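1. coords please:
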Amino acid sequence: MNDGSLQTRKSLVVQVHLEWRSDPGEHEAIEQAQRRTDRGGPQDFTGEVGIRDKKPAPTLGYFAEHDFLPFVRSTSAEKPRTVAFYENSVRNLRAHGKLAGLKMDAITSDVIAGFVAMRRDAGMQVSTINRDLATLRRMFHLAQEWEKVTTILPRVRMMPGENQRERVLTPEEESGYLAAAAAIGERTLRTYDRALEGIRATVRDEQPIKPTDPFLLRDVVTTLLDCGLRPEECYRLKWENIRDGGVEVFKGKRKASRRRVPASGRLLAILEMRKTGDAVEWVFSSATKSGHIESSTLKKQHRAALAASGVSPFVIYDLRHTCLTRWAKTMDPFTLMKLAGHSDLSTTMRYVHLNDDDVRAAMEKAEVAKGGHKIGHSPENETSVPVSGKPALN
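-> So this is what the prediction gives:
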């Protein structure tokens with residue numbers, strides 16, 4: 001067999017192979033590409049044999065409006081404050097034209113720094129800017145998760161210098177505030193009783209509205225002080241969360257939020273008083289859309305209790321901070337992290353405030369545990385000197 005016939009047979013084998021492996025469209029594309037190659041044309045096979053250009057990344061503004069916000073509105077439909085938070089942050093991000101107009105894979109750390117500078121020039125606080133940066137960071141994560149981009153997006157770092165919540169109530173402040181909260185409930189009941197005996201009720205037959213939960217503030221504050229729950233966890237407590245002398249959190253901000261916290265004696269007594277025969281699922285029910293109390297429910301009573309008690313102003317979240325700080329004095333950090341619902345020990349440490357007395361007490365406890373002596377000396381030991389003339393050995 002000569003070389004010509006051998007070459008012809010090889011060409012036939014290739015042709016049959018191509019016809020069997022490819023559909024007509026692909027086969028035709030290969031033939032066209034081969035003809036261009038034979039003529040010396042460019043060997044560009046893009047889009048002709050299954051190779052496609054990668055889909056361009058969306059701009060930040062487009063992604064925010066058509067992907068991110070619809071996702072937030074659908075997954076947080078029952079949390080209007082969460083939806084409003086993200087809508088406001090997106091509005092702030094889109095106000096920076098360069099940031100909003102760039103494709104997401106073209107955004108650099110310098111562009112993000114430009115947004116931060118713009119917000120600082122507008123007089124915004126560090127905490128406000130960090131909320132916007134947190135929204136940007138979540139948008140980046142979702143864009144990568146949904147494969148809207150094919151590159152690693154830059155890391156969004158929070159600005160330092162944000163004020164942390166460090167208000168811790170003293171035992172005296174706690175007692176004064178709780179007494180004022182209880183007094184508000186008692187005064188509400190007395191007002192109702194007087195109204196029952198008034199002219200409008202006895203003569204005109206106009207019955208006053210009975211207070212539904214006069215001691216709500218006292219009970220919520222006690223729960224937060226004794227369990228260290230996040231306020232929203234406390235507000236959403238159901239009776240099914242109260243089990244076997246403890247409070248069980250089924251869901252929260254993160255996976256670590258699921259936990260069980262033993263209840264104190266005074267909290268168990270309050271919960272027993274609150275439980276009625278009515279078929280109400282919430283521990284702290286209210287006439288709101290959600291059916292339970294919200295952060296705005298306590299504002300009026302909280303201001304009244306502060307004014308009546310003379311306690312320096314604090315926010316409700318400070319009650320959780322107070323509880324965790326007190327626990328930190330007698331509890332190891334890992335147990336504290338579990339009860340607080342934290343996934344990172346560094347977060348737990350922000351709630352720990354130690355002074356010299358705390359450190360000294362811990363050191364003495366460690367010395368006693370290993371059979372040593374206490375730090376420091378008694379007056380007798382301080383004045384004693386070695387009886388021999390030899391120097392004391394260290």
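2. Can you give me the neighbour number for residue 72?
-> Per other Cβ atoms under 10 Å, the neighbour tally for residue 72 reads 21. The way it works is simple: take the backbone N, C-alpha and C, and place the C-beta from them, glycine included.
3. host element of it?
-> helix 69-75 (DSSP states H and E).
4. can you list contacts of the next helix or strand after that helix?
-> Following helix 69-75 in sequence order, the next helix or strand is helix 80-94 (DSSP H and E). Among residues not part of helix 80-94, those counted as contacts by Cβ atoms under 8 Å, 6 or more residues apart in numbering are 60-61, 64-65, 68-69, 72-73, 76-77, 99-100, 115, 119, 131-132, 134-136, 295.
5. Check which element follows helix 80-94 along the chain.
-> Following helix 80-94 in sequence, per DSSP H and E, is helix 97-101.
6. That following helix packs against which elements?
-> helix 60-63, helix 80-94, helix 109-121 (3 or more Cβ pairs under 8 Å, 6 or more residues apart in numbering; DSSP states H and E).
7. and residue 264, which of those helices is closest to it?
-> helix 80-94 (29.9 Å; Cβ to Cβ).
8. that older thread, what mean pLDDT does the helix holding residue 72 get?
-> Averaged over helix 69-75, pLDDT sits at 94.
9. got it, and stretch 340-353?
-> 82.
10. what comes up buried for it?
-> Residues of stretch 340-353 classed as buried: 340-342, 348, 351 (neighbour count, 16 or more other Cβ atoms under 10 Å).
11. what does that stretch rub up against?
-> 164, 166, 168, 228, 230, 233, 249, 252-259, 321, 324-325, 328, 333-334, 336-337.
12. I'd like the buried residues of stretch 340-353 as JSON lines, with secondary structure and distance to residue 302 appended.
-> Converted to JSON lines, the buried residues of stretch 340-353 look like this (DSSP: H, G, I helix; E, B strand; the rest coil; distance: Cβ to Cβ, whole Å):
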{"residue": "340", "secondary structure": "helix", "distance to residue 302": "23"}
{"residue": "341", "secondary structure": "coil", "distance to residue 302": "23"}
{"residue": "342", "secondary structure": "coil", "distance to residue 302": "26"}
{"residue": "348", "secondary structure": "helix", "distance to residue 302": "27"}
{"residue": "351", "secondary structure": "coil", "distance to residue 302": "22"}
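13. Mind putting the residues you listed into TSV with distance to residue 109?
-> Formatted as TSV, these follow (distance: Cβ to Cβ, whole Å):
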residue	distance to residue 109
340	33
341	32
342	29
348	30
351	31
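14. Select only the buried ones of the contacts of stretch 340-353 in ChimeraX?
-> Filtering the contacts of stretch 340-353 down to the buried ones (16+ other Cβ under 10 Å) takes a single ChimeraX command:
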select :168,228,230,233,249,252,257,259,321,324,325,328,336,337
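15. Just the ones of the contacts of stretch 340-353 in strands?
-> Within the contacts of stretch 340-353, residues falling in strands by DSSP state E are 249, 259.
16. mind listing which of the contacts of stretch 340-353 are in helices?
-> Taking DSSP state H, the ones among the contacts of stretch 340-353 that sit in helices are 233, 321, 324-325, 328, 333-334, 336-337.
17. pLDDT for those residues - can I get that in TSV?
-> Output for the ones in helices among the contacts of stretch 340-353, formatted as TSV (pLDDT from 0 to 100):
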residue	pLDDT
233	94
321	91
324	93
325	90
328	88
333	88
334	91
336	93
337	93
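18. Tell me where the model's unsure across the stretch 101-250 of the chain.
-> For the stretch 101-250 of the chain, the stretches with pLDDT under 70 are 162-166.
19. Burial check on residue 361, number of neighbours?
-> Quick note: residue 361 (other Cβ under 10 Å) scores 14 neighbours.
20. Would you mind measuring from it to residue 367?
-> 11 Å (Cβ to Cβ, to the nearest Å).
21. likewise residue 119?
-> Between residue 119 and residue 367 the distance is 52 Å, computed by Cβ to Cβ.
22. These two: which has the busier surroundings?
-> Neighbours were counted for residue 119 and for residue 367 using other Cβ under 10 Å; residue 119 has more, 21 against 13.
23. dump the residue contacts of the closest residue to the more buried one other than its chain neighbours.
-> Counting by Cβ to Cβ, 6 or more residues apart in numbering, residue 129 is the residue found nearest to residue 119 once chain neighbours are left out, at 4.8 Å. If a contact means Cβ under 8 Å, 6+ apart, then residue 129 has 116, 119-120, 159 as its contacts.
24. now the strands for the stretch 101-250 of the chain?
-> Using DSSP state E, counting those that start in this stretch, the strands found in the stretch 101-250 of the chain span residues 242-243, 246-249.
25. could those be laid out in CSV, adding distance to residue 104?
-> Below are the strands of the stretch 101-250 of the chain laid out as CSV (distance: least, Cβ to Cβ, whole Å):
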stretch, distance to residue 104
strand 242-243, 46
strand 246-249, 36
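26. Residue 203: which of those is closest?
-> Across the strands of the stretch 101-250 of the chain, closest to residue 203 is strand 242-243 (Cβ to Cβ), at 44.6 Å.
27. Other residues contacting the closest one?
-> Residues outside strand 242-243 that contact it (Cβ under 8 Å, 6+ apart) are 248, 263, 271, 283.
28. change it to 7 Å
-> When contacts are defined by Cβ atoms under 7 Å, 6 or more residues apart in numbering, strand 242-243 is touched by residues residue 271.
29. now do stretch 188-208
-> By Cβ under 7 Å, 6+ apart, the list of residues contacting stretch 188-208 reads 210-211, 214.
30. If anything else comes up later, I'll come back, but that's it for now.
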